[in-house]
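K.L.:
below is the sequence, then the predicted model.
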Amino acid sequence: MSEQVALITGGASGFGRDLTATLSARGVRVVVCDVDEDGGRAAAQVPGALFVRCDVGDPEQNAAAVDAAVGMYGGLDMAFLNAGVVTGTGLGRDFDLTAYRRAMSVNLDGVVFGINAVLPVMQERGGGSIVCTASLAGLTAVPMDPIYSANKHAVVGLVRSLAPALAGDGIRINAVCPGFAETAIIGPIRDVLVGQGLPIIPVEQVTETVVGLFDGDMSGECWFVQAGRESQPFGFRGIPGPRAEPA
């Protein structure tokens, strides 16, 4: 990875901040993107890192962050599209349109706009690798937060669908799907999880999986990360094929 260039959204804390430090130690030049300016600048205090304020729900700001990477470092080889927020809304009586729009903007639009911004630069580069943060909530039903599950399922479907289309450009795309990890996003329920005896995933375990996806040759895979388990690609069963109507 030495001398390669990576763009990381949600880089001010959690997975993004830890990956910034890890990639920097490997000689990667990193563009740290976040709306948290103080946290983002602090994360970028490692060799070869640059902070760019970026609201991932805005396509123009995604494009500007990629332009900053190209202007400073000459190109882009890797992207970790990681920014995410809690949903903060249910449906029916609990529905909050503002919270819904924010969650979809960051968790889904941020991935779509991020991919759209990095693709031309990677295509010009002759290839690249994209990792998107989904969740175990994108692999199974989550009755306690169906909106979050919906936008994470969308990320999983996007990654699996894009992989064959990008193969001809030498661009790989994968998703990392953690369970409850030691990040700010579980803050409101952390005590409940611990009280129920659920182990919290160390951030470093997720970082290790993301680095493995950047280092590998896989594409279109969704790797689960769960406490006490080795990270692996999730095995999707094929959908049933059609049958002819009986004569």
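P.N.:
Cool, the structure landed.
K.L.:
the strands in the protein, which residues?
P.N.:
Secondary structure of the chain, counting by DSSP state E: strands at 5-9, 29-34, 49-53, 78-81, 128-133, 171-178, 222-225, 232-233.
K.L.:
let me know the angle separating the third one from strand 5-9.
P.N.:
In this case it means strand 49-53. Calculated by axes from the mean of the first three to the mean of the last three Cα atoms, to 10 degrees, strand 49-53 forms an angle of 40 degrees with strand 5-9.
K.L.:
tell me which helix or strand of this protein sits lowest on mean pLDDT?
P.N.:
Scoring the helices and strands of the chain by mean pLDDT, DSSP states H and E places helix 190-195 at the bottom, with a mean of 73.
K.L.:
so what secondary structure elements neighbour it?
P.N.:
Helices and strands touching helix 190-195, by 3 or more Cβ pairs under 8 Å, 6 or more residues apart in numbering; DSSP states H and E: there are none. C-beta here means a position set from N, CA and C on the backbone, and glycine is covered the same way.
K.L.:
and the helices in this structure?
P.N.:
14-25, 37-43, 59-73, 97-104, 110-125, 146-166, 190-195, 203-215 (DSSP state H).
K.L.:
give me the below-cutoff pLDDT ranges for this protein.
P.N.:
Residues of the chain meeting the criterion pLDDT under 70: 186-187, 193, 247.
K.L.:
so what's the backbone phi/psi at residue 46?
P.N.:
Residue 46 adopts backbone torsions of phi -130, psi 160, taken as degrees, to the nearest 10.
K.L.:
once you drop chain neighbours, what's closest to the residue most central in space within the chain?
P.N.:
Among the residues of the chain, the one closest to the centroid is residue 133, at 2.3 Å (Cα atoms, centre = their mean). Spatial nearest neighbour of residue 133, chain neighbours left out: residue 82 (4.3 Å); criterion: Cβ to Cβ, 6 or more residues apart in numbering.
K.L.:
again, but for residue 36
P.N.:
Using Cβ to Cβ, 6+ apart and skipping the chain neighbours, the partner closest in space to residue 36 is residue 12 (4.0 Å).
K.L.:
does the one you found touch residue 49 like I think?
P.N.:
No. Under the criterion of Cβ atoms under 8 Å, residue 12 makes no contact with residue 49, lying 11.9 Å away.
K.L.:
if we can go back for a sec, show me the contacts for the residue nearest to residue 36.
P.N.:
The contact partners of residue 12, by Cβ atoms under 8 Å, 6 or more residues apart in numbering, come to 32, 34, 36, 38-40, 42-43.
K.L.:
can I have the buried ones of the residues you listed as a PyMOL selection?
P.N.:
Burial among these is assessed by 16 or more other Cβ atoms under 10 Å; the matching PyMOL selection reads:
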select buried, resi 32+34+36+39+40+43
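K.L.:
okay if I get the contacts of residue 12 as TSV plus distance to residue 170?
P.N.:
Formatted as TSV, the contacts of residue 12 follow (distance: Cβ to Cβ, whole Å):
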residue	distance to residue 170
32	25
34	28
36	33
38	37
39	33
40	30
42	34
43	29
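K.L.:
tell me which two in the contacts of residue 12 are the farthest apart.
P.N.:
By the measure Cβ to Cβ, 32 and 38 form the most distant pair in those, at 12.1 Å.
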